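J.: Here is a sequence together with a model predicted from it:
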Amino acid sequence: MSEDSLFATEEAILTEGEQSLAIPRDDQTLITAHSRLLKDYKKLLTQTKRLVRMNDRHQAELTHKTKELNLRNQFITKTFGRYMSDEIVAMLLESPEGLNLGGESKLVTVVMTDLRGFSSISSSHPPEAVVGMLNDYLKEMTNIIFKYAGTVNEFVGDGILILFGAPITRPDDAARAIACAIEMQLAMVNVNANNRQKGFPELEMGIGINTGKVIAGNVGSDMRMKYTVVGSSVNLAARVESYTVGGQILATDSTLANLPPHAVRLHGDFLVPFKGVSKPVRIHNIIGINAPYDVSLPQQTIVYQDLLHHLTFNFEVLDGKHSYGKIWSGHIICLAEKSAIVISSLELAVHDNLKINLHTPTDETEDAHLYAKVLQCVDNLVLKYEIHFTFLPEKVRIWLTQQKPHFDEHHNQNGAM
């Protein structure tokens, strides 16, 4: 509505009053009072018009700001909503600096996960099966991460980079990270039950955890932006994860230092001299966390069977995913479901990764290699080692099962070494 139409009545009263003053009258006192009243009315009308114009400007500004705020909130929800719990997104929406480019130093507990042998699984299954398998796994894991108010910073292939402490810092970040990791491992039972139902292979996951200072913030430009963290603490979590076997959780000293005393249950530790780190890093094998979470990994007894006939194999020692190029020989002398006792022609180090090719009487497993990690040296004099299979194709697993004796005399618990 225009200003003229809005104040039409008032303008008419003012005009009528001015016309009334123009009529000659004998009572000067009444004329003076009438004139003063008309002047005040005119002044009040002018002020009212000014206030209406100011209100219109403010209303337009408010509408513009509301539109900007809605767009900002939509952007935050779209950007972060798939990676963070609703609670964290709500906290970001309340923060006026939520979209600022740039970073800040934060103490963050970084959790890195990885599926064992998924690259080999991917190459031997149709793309739609691989994507379906991965999506089912990631959905299960993301639900748990959100339950513990973690941030899914990135899906790295079949791995997940998870943050506790960014963008929101809490005093129990390290504890929630460990509880989350344990529950993620426990959820692999459901993941694999679903895989078996769909005819997919079973999956195993390793988890590495490290706590340290990182630079966290929005990186990119006004057109394309991503919230991320950078720093050596992130890289160390990934390197710790590389030392895990399926079903295992390893965490650094720095993570345990951010927990209350006796908060977690451990099953051994070891030192690793990482490149670029001045001192060896102590890594702990996490098996549980106490109240208020009170969750634990199931402890299983490894049952080895002595083989009547040792199985000959060739192997390569890997540096990451690359081979050193030399081939060595060995013998499997005892077998369990996911591990073995072997005698090697090469002195091995604990945590060495091996690519193994079995010698079989048929060509059924000729193109199917398997991967393993050295868990411990059983007898250094004869180069006897315990290894854990990190990737075991189904047809190789079946063939190995057929090599085991089928009578109890050859069962030997916890070692058969």
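T.: Yep, that arrived.

J.: quick one: the strands in the stretch 1-150 of the chain?
T.: 102-115 (DSSP state E, counting those that start in this stretch).

J.: now the stretch 151-300 of the chain
T.: Secondary structure of the stretch 151-300 of the chain (DSSP E, counting those that start in this stretch): strands at 151-156, 159-164, 205-220, 225-230, 249-252, 264-272, 281-289, 295-296.

J.: where does the stretch 301-417 of the chain dip in pLDDT?
T.: Scanning the stretch 301-417 of the chain for pLDDT under 70 picks out the ranges 360-368, 406-417.

J.: 50 instead?
T.: 365, 407-417 (pLDDT under 50).

J.: number of nearby residues for Ser120?
T.: Ser120 has 16 neighbouring residues, counting by other C-beta atoms under 10 Å. Backbone N, C-alpha and C define where each C-beta goes, glycine included.

J.: Please apply the same query to Ala257.
T.: 9.

J.: show me the contacts for it.
T.: Counting by C-beta atoms under 8 Å, 6 or more residues apart in numbering, Ala257 touches Thr211.

J.: most tightly surrounded among the strands of the stretch 151-300 of the chain?
T.: Compared across these, strand 249-252 shows the largest average neighbour count, a mean of 26 (mean count of other C-beta atoms under 10 Å).

J.: Need the CA coordinates for that strand. CSV is fine.
T.: What follows is strand 249-252 as a C-alpha-only set of coordinates in CSV (Å, rounded to 0.1, in the frame of the first residue of the first chain):
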residue,chain,number,x,y,z
ILE,A,249,41.4,-51.8,17.4
LEU,A,250,44.8,-50.2,18.0
ALA,A,251,45.3,-46.8,19.8
THR,A,252,48.3,-44.7,20.6
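
J.: Ser344 is nearest to which of the strands of the stretch 151-300 of the chain?
T.: Nearest to Ser344 among the strands of the stretch 151-300 of the chain is strand 264-272 (20.0 Å), distances taken as C-beta to C-beta.

J.: in its sheet, what does the closest one sit against?
T.: strand 281-289 (antiparallel) (DSSP bridges).

J.: what's next to the partner strand, contact-wise?
T.: With contact meaning C-beta under 8 Å, 6+ apart, strand 281-289 is reached by 175, 178-179, 181-182, 209, 236, 240, 243, 248-253, 256, 263-274, 295-297, 299.

J.: looking at the strands of the stretch 151-300 of the chain, which is closest to Gln305?
T.: Comparing the strands of the stretch 151-300 of the chain by C-beta to C-beta, strand 264-272 comes nearest, at 23.7 Å.

J.: any idea of the mean pLDDT in the closest one?
T.: The average pLDDT for strand 264-272 rounds to 94.

J.: what do you get for stretch 143-150?
T.: The pLDDT scores in stretch 143-150 average 93.

J.: circling back to that earlier point, least confident of the strands of the stretch 151-300 of the chain, on average?
T.: Of all the strands of the stretch 151-300 of the chain, the minimum mean pLDDT falls on strand 225-230 (a mean of 79).

J.: Domain-wise, how is the chain divided?
T.: Per automatic domain parsing, the structural domains of the chain span 3-67, 101-296, 303-413.

J.: Out of these, which one sits most buried?
T.: For the domains of the chain, the highest mean count by mean count of other C-beta under 10 Å goes to domain 101-296, at a mean of 18.

J.: which residues of this protein fall in helices?
T.: For the chain, applying DSSP state H gives helices covering 3-6, 8-21, 28-80, 86-93, 118-123, 127-147, 173-197, 232-241, 253-256, 394-403.

J.: how about those, which one is nearest Val350?
T.: That would be helix 232-241 among these, by C-beta to C-beta, at 14.8 Å.

J.: what does the closest one contact?
T.: Here helix 232-241 makes contact (C-beta under 8 Å, 6+ apart) with 108, 110-114, 159, 161, 206-214, 250-252, 272, 274, 276-277, 281, 283.

J.: what's the answer for stretch 197-208, then?
T.: Outside stretch 197-208, the residues that touch it by C-beta under 8 Å, 6+ apart are 111-118, 121, 125, 129, 132-133, 137, 181, 184-185, 188, 191-192, 194-196, 237-251, 390, 394.

J.: how long is that stretch from one end to the other?
T.: Using C-alpha to C-alpha, to the nearest Å, the end-to-end distance of stretch 197-208 comes to 29 Å.

J.: Equivalent analysis for stretch 286-305, please.
T.: Note: stretch 286-305 ends 27 Å apart using C-alpha to C-alpha.

J.: List the beta-bridge partners for the nearest residue to Met188 once chain neighbours are set aside.
T.: Nearest residue to Met188, sequence neighbours excluded (C-beta to C-beta, 6 or more residues apart in numbering): Met205, at 5.9 Å. Taking DSSP bridges as the rule, Met205 bridges to Leu115.

J.: Now do the contacts for the residue lying closest to His331 once chain neighbours are set aside.
T.: In this structure, His331 finds its nearest non-sequential neighbour in His310, 4.3 Å apart by C-beta to C-beta, 6+ apart. Taking C-beta under 8 Å, 6+ apart, we find His310 in contact with 331-333, 343.

J.: What distance do you get for the residue nearest to Met188 to Ile332?
T.: Met205 sits 25 Å away from Ile332, going by C-beta to C-beta, to the nearest Å.

J.: and what of Val189?
T.: Distance, Val189 to Ile332, by C-beta to C-beta: 28 Å.

J.: Gly220 too?
T.: 51 Å.

J.: next one: Thr32
T.: 119 Å.

J.: And for Tyr41?
T.: 106 Å.
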